[in-house]
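Undergrad: Sequence first, predicted coordinates after that:
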Amino acid sequence: MAIVSRRPRNASLRFQQFVETSDLSKGKPEKSLVSSLKRKGGRNAYGRITVRHRGGGAAKKYRIIDFSRSERNVTGHVASVEYDPNRNVRIGLIVYNNGSKRYMLMPDGLGIGSSVYAGLDAEAKVGNSLPLRNIPVGFMLHNVEVTPSSGGTFARSAGTSVQLMAKTEEHATLKMPSGEIRMVLLDCWATVGVLGNADYKNINWGKAGRTRHRGIRPTVRGMAMNPVDHPHGGGEGRSKSGSHPMTPWGKGCKGTRTRTRQSTLILKRRK
């Protein structure tokens with residue numbers, strides 16, 4: 001997949017870019033694996049904004065992804081590669097030999113017709129899922145569980161992967177996409193391979209309207225607000241008496257460490 005630039009027929013198209021979609025299958029998603037998705041607009045049950053800059057956007061439905069690879073010891077084949085509006089990585093419709101269907105995240109190297117398998121005796125090849133204790137050291141993984149039987153949690157976005165660095169009697173040492181090095185139990189499952197659509201991070205959205213279609217509302221700088229609205233607001237000129245960058249609620253940000261408890265399983269903090 002590659003980045004495609006639009007022809008500058010007008011100002012709004014001049015800088016727009018897209019990820020090539022020649023790898024996608026035509027047709028609608030699998031009806032049994034789609035559910036409705038209610039828009040929340042960043043509000044909680046009381047109607048108060050808990051996540052800023054959310055709201056609007058194009059209507060979309062949720063594709064149910066099998067993060068836990070629930071179909072074990074059954075061979076499946078990739079029937080189609082589809083776009084998922086809820087994530088930046090492609091998803092594949094897997095049809096298993098027993099007739100069941102599941103969606104999974106698509107790594108590089110898999111395409112329509114490729115076979116996948118999940119089980120204790122699975123071969124450590126792209127698309128297969130198996131416990132960390134059965135995967136050789138040095139392999140690149142994605143959709144890694146943080147605790148056994150919890151479903152994949154780590155490395156689920158486009159182009160990401162986790163490297164298996166070492167193994168002890170009980171734990172596996174993983175290098176995360178953020179640079180953090182941590183340990184998880186060997187009984188945790190993972191899928192072999194690096195997730196595809198890595199060019200997604202190079203997209204130039206081109207205009208504000210495309211961002212609004214994604215459900216992201218405008219962001220106003222704290223410097224442009226009044227003192228009542230933000231700690232950075234007010235003042236004659238730009239000076240704020242040397243205050244450190246902080247959120248509207250006075251919490252430090254832009255590099256301030258917010259993790260209150262250091263886990264013994266984290267060997268090296270993220271960069």
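TA: Perfect, thanks for sending it.

Undergrad: Just want the most central residue of the chain.
TA: Nearest to the mean C-alpha position of the chain, counting by C-alpha atoms, centre = their mean, stands Ser157 at 2.9 Å.

Undergrad: For Glu71, grab phi and psi.
TA: The phi/psi pair for Glu71 (degrees, to the nearest 10) reads phi -80, psi 100.

Undergrad: try Ala79
TA: Torsion angles at Ala79 (phi, psi; degrees, to the nearest 10) stand at phi -90, psi -30.

Undergrad: rewinding a little: my guess is the residue nearest to the centre of the chain meets Asp84, correct?
TA: No. Applying C-beta atoms under 8 Å as the test, Ser157 and Asp84 come out as separate, 11.5 Å apart. C-beta here means a position set from N, CA and C on the backbone, and glycine is covered the same way.

Undergrad: shared neighbours of those two, anything?
TA: Counting by C-beta atoms under 8 Å, 6 or more residues apart in numbering, Ser157 and Asp84 have no shared contacts at all.

Undergrad: so where's the stretch 101-250 of the chain uncertain?
TA: 239-242 (pLDDT under 70).

Undergrad: what ranges do the strands span in it?
TA: 101-105, 115-116, 129-131, 140-142, 144-145, 152-154, 162-167, 171-175, 181-185, 189-192 (DSSP state E, counting those that start in this stretch).

Undergrad: What about the closest residue in space to Asn44 that isn't next to it in sequence, how many residues nearby?
TA: Excluding the flanking residues, the one nearest Asn44 by C-beta to C-beta, 6 or more residues apart in numbering is Thr50, at 4.8 Å. Residues lying near Thr50 (other C-beta atoms under 10 Å) number 11.

Undergrad: where does Gly76 fall, phi/psi-wise?
TA: Main-chain torsions, Gly76, degrees, to the nearest 10: phi -130, psi 160.

Undergrad: Enumerate every residue touching it.
TA: Ile94, Val95, Tyr96, Asn97, Arg102, Ser115, Val116, Tyr117.

Undergrad: Let me see the contact set for the second one.
TA: Taking C-beta under 8 Å, 6+ apart, we find Val95 in contact with Gly76, His77, Ala79, Lys101.
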